[in-house]
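**Student:** Sequence first, predicted coordinates after that:
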Amino acid sequence: MATILSYPGSTVGAVLTEIKTERLLLRPLHEADRENIVALQADTETNKFNVVPHTVEGSRELFDVWMKQWAEHGFGYVTVSALDDPDVIAGFGGVRYHEWNGERVLNLAYRFWPFAWGKGYATEMAAAVVDWAEREIPDVPVIANIMESNKPSIRVAERLGFRIHTKEEFEGAPSLHLRR
């Protein structure tokens with residue numbers, strides 16, 4: 001069961017301040033997280049399913065986009081740490097506004113360092129964030145766009161009740177668009 005500290009009605013909408021799950025601490029991205037998150041986003045191992053892997057420069061630009069999301073909307077991707085080791089970032093993920101085929105959606109994402117793989121962290125984090133999003137921003141659907149070859153990420157989405165909505169090509173490879 002997640003303990004969620006957030007408050008609706010802010011001038012920027014629903015604001016996510018922190019989520020604690022049974023094992024994890026999810027908190028907003030901070031500028032101090034930049035190098036760690038950029039390194040994770042651009043890491044060769046965490047990009048093995050991307051047709052076009054993320055570069056360090058491209059990851060820095062994405063981090064700026066993610067920080068802008070926080071500034072404008074009061075929520076976005078979060079850092080993920082184990083409650084018993086909150087100073088070590090195991091990964092990041094969450095939801096952010098995105099335009100998908102002309103529709104405003106909340107894009108669900110998750111990316112973790114290899115040391116955190118196989119522990120159920122992505123599922124636990126995503127479940128808490130999706131629950132928050134569906135409660136606080138119910139009019140905007142949560143989606144997950146995942147490369148068809150990325151079976152581990154597809155399994156995470158399916159555990160949360162996401163099902164294939166469409167199959168499309170993204171960056172030259174088959175991609176699944178999943179929704180609950």
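**Tutor:** Right, received. Where do you want to start?

**Student:** Can you give the distance of the longest helix belonging to the chain from its chain's centre?
**Tutor:** Using DSSP state H, we find that the single longest helix of the chain is helix 56-73. Centroid separation for helix 56-73 versus its chain: 13 Å, with Cα atoms, centre = their mean, to the nearest Å.

**Student:** Can you dump the C-alpha atoms of that helix in CSV for me?
**Tutor:** Output in CSV follows, covering the C-alpha atoms of helix 56-73 (Å, rounded to 0.1, in the frame of the first residue of the first chain):
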residue,chain,number,x,y,z
VAL,A,56,24.5,11.6,-23.1
GLU,A,57,23.7,14.9,-24.9
GLY,A,58,20.2,13.8,-25.8
SER,A,59,19.7,12.6,-22.2
ARG,A,60,20.7,16.0,-20.9
GLU,A,61,18.1,17.5,-23.1
LEU,A,62,15.4,15.0,-21.9
PHE,A,63,16.3,15.8,-18.3
ASP,A,64,15.6,19.5,-19.1
VAL,A,65,12.2,18.5,-20.6
TRP,A,66,11.4,16.5,-17.5
MET,A,67,12.4,19.3,-15.1
LYS,A,68,10.2,21.7,-17.2
GLN,A,69,7.3,19.2,-16.8
TRP,A,70,7.8,19.4,-13.0
ALA,A,71,7.9,23.2,-13.0
GLU,A,72,4.8,23.6,-15.2
HIS,A,73,2.6,20.8,-13.9
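
**Student:** So which elements touch it?
**Tutor:** helix 34-42, strand 85-100 (3 or more Cβ pairs under 8 Å, 6 or more residues apart in numbering; DSSP states H and E). The C-beta positions use only the backbone N, C-alpha and C, and glycine is treated the same way.

**Student:** can you map out the strands along the protein?
**Tutor:** Using DSSP state E, the strands of the chain run over residues 3-10, 13-20, 24-28, 77-82, 85-100, 103-112, 142-147, 163-170, 173-179.

**Student:** Show me the one of these that comes nearest residue 120.
**Tutor:** strand 24-28 (9.6 Å; Cβ to Cβ).
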